[in-house]
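Q: what's the 3D shape of this:
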Amino acid sequence: MDSVRWSNIKSCQTNCDPKQFWKAIQIWVEKPHVVNRRLAAAVSVGTVFRTSSTVNSAFKELLKNNDTFKDCNKVQEFVNTQLCLDEVNAKEQTNSKVEIELEDLSLLKVSVRKLIPKGIINPNEGTRTNETADRDSTIEIVLLDYTLQSATFVPFHSLEFARCSYRFSLDESLTSLTLSLPADYLEPASSSAAVTRPTSAWLSDTLLLKLAKWACDVDPDTPLSTSHALISVERYSSLYVELKQKYGPKFVKIWPENTDPQKFVYEDVAIATYILLLWEQEREEEKSERKQSFVDLGCGNGFLVHILNSEGHPGKGIDLRSRGIWSLYGPGTNLEECSIIPSDKYLFPDTDWLIGNHSDELTPWIPVMASRSSLHTNYFVLPCCFHDFAGKFVRSNSNQTQYRSYLDFIQEVGEVCGYEVQEDTMRIPSTKRICQVGKRRTKPSPEEHSILDETIQSFISSRCPSKLLNKPITNFSHNSLSSKMMSSKSSTGDPADDVQMGKESGCTSESNVPRTQTDESTSISSQSQSDICQEQWAKDFQPRSKVEAVRNCSRLSVNFKERIVNDIAFALLRLGGVQTNVEVDEERSAENKVKGQKLWRRGGKMTMQEVVALFDGGMMKQLKNECGGLKTMLKNANQVFEVSGDLVQLRDWSAMSGGTESATKKRKGHKGRTDSKPIKTRQCWFYTHHPDGCPRLTSDCSFAHGVDDVQVPPPMPNKNR
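A: Next up is the predicted model:
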């Protein structure tokens, strides 16, 4: 095979050393989806690190072990010509002026990666397809020459693969990054083919610039973060699309909660996909076909439970209060309303997995509950809010972020409980997307587990303000915790029967999710429920209230809110040189302003810190009890104030055209008012209090100018008609 005639297409100025260049190349090799959004991921098929004299046989062996390559000889010949693999040429190429610290890496690296396109939905058939039809089109050979500072990528899809190659190289002066293409570069025939075989325009206008930016910005010594490291990325891409199509559109359409369905529905679809694949891999490892059982603690809207139940996994969700959407799932979704207090009462010995998906104050307790439930109960947690065993989590290492410190704490809890804790980053629309999985624990004897439980109790005690009430659980046997109950009413294996058992037992220590026990299974105690110690494990633990507190400043008294608003507004006016002890009269109204009177005065600006200084500690404490505090108060009073970042000033309605923007926004559930004229249900603060009155005419202002201008809103239509 003749060597490819390379043409330099475009160069990009950069200022990086070789280690930074190779770090940028590593990002593109391992995480191509961060720049090519139509890719789901790249999976390494194999890698060869060799000197030029031995790479031939090693790479040939690599190709032999992969059935992807139909013609190993053609590929081998191409690799030889591109890397100059004969020893004579290799020696000629070693006279590089650039010294590279490769730490045991040889001069050449040859690897094979599989590019996985994101699945798409066929709108006509509602089924999943791939953006590439040919399996070979997702395979790419990567040739890294550390001597010549070049990286060559060969999309291997046909005998024309040499014409589809592209190369990035760093010049010897380390000031320029260059894209090179074959002189007869073969452009992809379609948009779908371009997903894994990029166009020359995309390579030069997008990827080259991104590599140059990475090379300048990245720290070469910082390891790359990975996502979905515990599961098959290829399988995830396929299953996620199937579940997204199966559950997404329906529930986005009927979502009754006040939360954003586009975020919460598809986030739970992604979490469910991840968990299902974890369990799928576990069944393969254990050579079992039985689907795992689960309990989701603090299940919230219950959508994750609905998906897992619908996919055949027996289980239930528990939350301290029901949600409106629970009634829409149907009888196949098992949800219970119950406040969970970590204690011997809330153990699930017949459950395979405990789940904590943004489970708030229960998050640090889930590894403990799993460990004390049985020796074969695993757990999955997605930590969010920072809670300790009893109260707010306080980080001890100021060099770490609060989030990283909390993750380390939750991992420590799992390890103390005897688990091997694995951490992974999920692909969900949330800033808190790092999950932890506790599994593969060494199974101790009952006596050893008693010692472990004492260690757990001691660890909990060290982090709680008050002493714990009860002693650690030490009574172990190889029987089921609920053997007495199960003997009187055993599971038939029918999910419907299991659901009925859950309804009858309620939120108790007996799991509503039976599991097949083995001779090796060990769970805690064989006593009946009436004999189990019901005391909580931490005296200071406080579950959330069943009634969700409204903390948007709407519960504050009218007089209190008026005082806050007036004090801030008058301070802003005085800051701008406006006297505030002058009563408003008709001569300063907007009507007279139109006739040529003086301009309306806005006053000055204040920082949030200056606004806080206006009030005493008692008023600030009362505001702090509301979510957002003073800032929420100011934003609620958006008729009067404009808050931009840390600055507060009076809103200037004279600078706005038409009615109030906030008044014309449609609230959720209020569809289609055809008239744009607002209904004046509140009095205008400026008309009543501002020395210059309201900057708008009575006919233009969205608020009432005087008591006589207040209007009564029309009655809401009867939806039941």
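Q: Quick one: mean pLDDT for the strand ranked longest in the chain?
A: Criterion DSSP state E: the longest strand present in the chain is strand 39-50. For strand 39-50, mean pLDDT is 76.
Q: Can you dump the C-alpha atoms of that strand in CSV for me?
A: Only the C-alpha atoms of strand 39-50 are listed here, as CSV (Å, rounded to 0.1, in the frame of the first residue of the first chain):
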residue,chain,number,x,y,z
LEU,A,39,-21.6,10.4,20.1
ALA,A,40,-22.5,8.6,23.3
ALA,A,41,-18.9,7.5,24.2
ALA,A,42,-15.8,5.8,23.0
VAL,A,43,-14.8,2.3,24.2
SER,A,44,-11.2,1.0,24.1
VAL,A,45,-11.0,-2.3,22.2
GLY,A,46,-7.3,-2.8,22.7
THR,A,47,-3.9,-1.0,23.0
VAL,A,48,-0.3,-1.8,22.0
PHE,A,49,2.7,0.0,23.5
ARG,A,50,5.8,-1.1,21.7
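Q: what's it packed up against?
A: helix 18-30, helix 55-64, strand 108-117, helix 233-254 (3 or more Cβ pairs under 8 Å, 6 or more residues apart in numbering; DSSP states H and E). From N, CA and C alone the C-beta is placed, and that goes for glycine too.
Q: Kindly export the last one (C-alpha atoms) in CSV.
A: Written as CSV, here are the backbone C-alpha positions of helix 233-254 (Å, rounded to 0.1, in the frame of the first residue of the first chain):
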residue,chain,number,x,y,z
VAL,A,233,-21.6,2.6,27.9
GLU,A,234,-22.7,0.9,24.7
ARG,A,235,-25.5,-0.9,26.5
TYR,A,236,-26.5,2.2,28.3
SER,A,237,-26.9,4.2,25.1
SER,A,238,-29.2,1.6,23.7
LEU,A,239,-31.3,1.0,26.8
TYR,A,240,-31.7,4.7,27.7
VAL,A,241,-33.2,5.4,24.3
GLU,A,242,-35.7,2.6,24.7
LEU,A,243,-36.8,3.6,28.2
LYS,A,244,-36.9,7.3,27.2
GLN,A,245,-39.3,6.5,24.4
LYS,A,246,-41.3,4.1,26.6
TYR,A,247,-41.8,6.3,29.6
GLY,A,248,-40.8,9.9,28.7
PRO,A,249,-43.4,11.4,26.4
LYS,A,250,-46.4,10.1,28.4
PHE,A,251,-45.3,11.4,31.8
VAL,A,252,-44.0,14.7,30.5
LYS,A,253,-47.5,15.3,29.1
ILE,A,254,-49.4,14.4,32.2
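Q: Please identify the buried residues of it?
A: Neighbour counts using 16 or more other Cβ atoms under 10 Å place 233, 235-241, 243-245, 247-248, 251 of helix 233-254 among the buried residues.
Q: would you turn these into CSV with pLDDT and distance to Ala24?
A: Shown next, in CSV, are these (pLDDT from 0 to 100; distance: Cβ to Cβ, whole Å):
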residue, pLDDT, distance to Ala24
Val233, 88, 22
Arg235, 90, 29
Tyr236, 92, 26
Ser237, 88, 25
Ser238, 88, 30
Leu239, 93, 32
Tyr240, 93, 29
Val241, 91, 30
Leu243, 95, 35
Lys244, 93, 32
Gln245, 92, 36
Tyr247, 95, 39
Gly248, 92, 36
Phe251, 94, 41
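Q: gap between Thr47 and Arg167?
A: Thr47 sits 19 Å away from Arg167, taking Cβ to Cβ, to the nearest Å as the criterion.
Q: Who has more neighbours out of those two?
A: More crowded of Thr47 and Arg167, by other Cβ atoms under 10 Å: Arg167, with 23 against 15.
Q: Looks to me like the more buried one is in a strand.
A: Yes - secondary structure of Arg167 (DSSP: H, G, I helix; E, B strand; the rest coil): part of a strand.
Q: can you give me phi and psi for Ala183?
A: Main-chain dihedrals, Ala183, degrees, to the nearest 10: phi -60, psi -30.
Q: okay, now it: neighbour count?
A: Neighbour tally, Ala183, other Cβ under 10 Å: 10.
Q: you'd agree it is up against Arg5?
A: Yes - Ala183 lies in contact with Arg5 (Cβ atoms under 8 Å); the separation is 4.6 Å.
Q: How about the contacts made by Asn603?
A: In this structure residue 603 is Gly, not Asn. Contacts for Gly603 (Cβ atoms under 8 Å, 6 or more residues apart in numbering) come out as 569, 572-576, 578, 649-650.
Q: Now list the buried members of those residues.
A: Applying 16+ other Cβ under 10 Å to those flags 569, 572-573, 578, 649-650 as buried.
Q: can you tell me which of the buried residues of helix 233-254 lies nearest to Gln281?
A: Arg235 (9.0 Å; Cβ to Cβ).
Q: Now the closest one. Nearest residue, chain neighbours left out?
A: Leu277 (5.9 Å; Cβ to Cβ, 6 or more residues apart in numbering).
Q: residue ranges with poor pLDDT in the stretch 201-350 of the chain?
A: Within the stretch 201-350 of the chain, no stretch has pLDDT under 70.
Q: Quick one: the strands in it, in order.
A: With DSSP state E, counting those that start in this stretch as the criterion, the stretch 201-350 of the chain has strands at 294-297, 315-319, 335-337.
Q: Point out the most buried one among those.
A: Greatest average neighbour count among these goes to strand 294-297 (a mean of 28), per mean count of other Cβ atoms under 10 Å.
Q: Which strands or helices does that strand pack on?
A: Using 3+ Cβ pairs under 8 Å, 6+ apart, strand 294-297 sits against helix 303-310, strand 315-319, strand 353-357.
Q: List the contacts of that strand.
A: 302, 304-305, 308, 313-318, 340, 348, 351-357, 359, 362, 366, 369, 511-513.
Q: quick one on the thing from earlier: compute the number of surrounding residues for the residue nearest to Arg235.
A: The burial count for Leu277: 19, using other Cβ under 10 Å.
Q: any idea how far Glu234 is from it?
A: Here the distance between Leu277 and Glu234 works out to 10 Å (Cβ to Cβ).
Q: Just grab the bridge partners of Gln536 for me.
A: On the basis of DSSP bridges, Gln536 is bridged to Ser343.
Q: How about the contacts made by Pro256?
A: Applying Cβ under 8 Å, 6+ apart to Pro256 gives the contacts 324-325, 328.
Q: one more time with 6 Å
A: If a contact means Cβ atoms under 6 Å, 6 or more residues apart in numbering, then Pro256 has 324-325 as its contacts.
Q: Likewise for Leu354?
A: So Leu354 contacts 295, 366, 370, 379 (Cβ under 6 Å, 6+ apart).
Q: how close does it get to Glu267?
A: In terms of Cβ to Cβ, Leu354 sits 20 Å off from Glu267.
Q: Give me the three-state assignment for Asn8.
A: strand.
Q: Quick check: phi and psi on Thr363?
A: phi -60, psi -50.
Q: Against Asn397, how distant is the nearest residue in space to Leu278 that is not next to it in sequence?
A: Of all residues not flanking Leu278 in the chain, Ile231 sits nearest, at 6.2 Å (Cβ to Cβ, 6+ apart). Going from Ile231 to Asn397 by Cβ to Cβ gives 30 Å.
Q: So which of those two has more stuff around it?
A: For the pair Ile231 and Asn397, the greater number of neighbours falls to Ile231 (20 against 9), based on other Cβ under 10 Å.
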